[in-house]
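Novice: here's a sequence, model it:
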Amino acid sequence: MPGGRLTQQERQQIALGLADGLAYAEIARRLDRPTSTVTREVMRNGGPTGYRADLAHRATERRAHRRRQAVPRDPSTPPHAPGRDAEAVREYEEMLTTVLMESGLTKMTARLLTCLYTTDAGSLTAAELAERLQVSRASVSKAVGFLESQGLIRRERDERRRERYAVDDDVMYQSMMASARSTAQLGEVARQGVGILGSDTPAAARLENIARFVDFVSESIIRAADQAREVLHTKPGTPSGDSA
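Specialist: Numbers count the residues shown, from 1 in each chain. As a prediction, this is how the structure comes out:
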């Protein structure tokens, strides 16, 4: 029934709907469930291409068992903010982690990024990350190194001189710019091949088309990122340019 836990039969219907190429909203309508329920179920259990009804059902049972057997929360661990449903927050974190993994991140880097995205402070120390994720400092260090190299997080120091890892609007802007520069570099290399392979050869024509396509995409990313930064990050009442 709507609002209750998904049954194994409902999960089988979700799997069939995905195989038929149905949208989440249509699958939810057929099950008389909220679209968010179907979306969360799929994204936390392999995504649209990896969802398996039997595996999803067993995974849900294991998660429920772990919660029943969970040790009491460490008093030093910050509780969820007042008014938030702890179970809903946990499910959302799992869904966001799955989406980040599908974008190419490893499980550890996706978990760490999700942890930073969903903390109100927007920054955590290595010790806090290790505690929240229940992993070693070495695992945190490795994940942090990769995310920082991709421009997805930045380092800063707090008033106690502790190193913290942060995410904010500017980090996302810098990450998009880094992605655009990397894309533009591919275009430059492709265009170098035109002269090496001979401008009148099929291979050179192919590389020229790649270079043009990549140039267009990278320029579009840079233009969109700059516009978004100006429009979305301008404080209310702050002029963003010459007044009319």
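
Novice: only C-alpha atoms from now on, for both contacts and neighbour counts.
Specialist: Will do.

Novice: and the chain, split by domain according to the record?
Specialist: Using automatic domain parsing, the domains assigned to the chain come out as 8-57, 86-167, 170-232.

Novice: distance between the ends of the last one?
Specialist: Right, domain 170-232. Length of domain 170-232, first residue to last, CA to CA, to the nearest Å: 11 Å.

Novice: swap in the first one?
Specialist: The separation between the terminal residues of domain 8-57, taken as CA to CA, is 6 Å.

Novice: quick one: average confidence on it?
Specialist: Here domain 8-57 scores 88 as its mean pLDDT.

Novice: low-confidence stretches in the protein?
Specialist: 1-3, 63-82, 233-244 (pLDDT under 70).

Novice: show the subsequent helix or strand relative to the helix or strand hosting residue 196.
Specialist: Residue 196 is located in helix 169-197, with elements delineated by DSSP states H and E. Going down the chain from helix 169-197, the next helix or strand is helix 202-232, by DSSP H and E.

Novice: that following helix - contacts with which helices or strands?
Specialist: If contacts are counted by 3 or more CA pairs under 8 Å, 6 or more residues apart in numbering; DSSP states H and E, helix 202-232 sits against helix 169-197.

Novice: in the helix it packs on, what's buried?
Specialist: Residues of helix 169-197 classed as buried under the neighbour-count rule (16 or more other CA atoms under 10 Å) are 171-181, 183-185, 187-188, 190-191, 193-194.

Novice: go on, stretch 11-29?
Specialist: Neighbour-count burial for stretch 11-29, with 16+ other CA under 10 Å as criterion, is recorded at 11-15, 17-18, 24-25, 27-28.

Novice: now do the contacts for the one residue sitting closest to the centre of the chain.
Specialist: With distances taken as CA atoms, centre = their mean, residue 100 lies nearest the centre of the chain, 3.2 Å away. By CA atoms under 8 Å, 6 or more residues apart in numbering, the contact list for residue 100 reads residue 110.

Novice: after the one helix or strand it maps to comes which helix or strand?
Specialist: For residue 100, the element it lies in under DSSP H and E is helix 86-102. Downstream of helix 86-102, the next assigned helix or strand under DSSP H and E is helix 107-117.

Novice: look up phi and psi at the residue of the chain most remote from its centre.
Specialist: Going by CA atoms, centre = their mean, the residue of the chain most distant from its centre is residue 200, 42.9 Å out. Dihedral pair for residue 200: phi -100, psi 20, per degrees, to the nearest 10.

Novice: can we start the residue count at 8 from this point?
Specialist: With the count now opening at 8, the last piece we talked about shows up as residue 207.

Novice: residue 190 and residue 11, how far apart?
Specialist: When residue 190 is compared with residue 11 (using CA to CA), they lie 46 Å apart.
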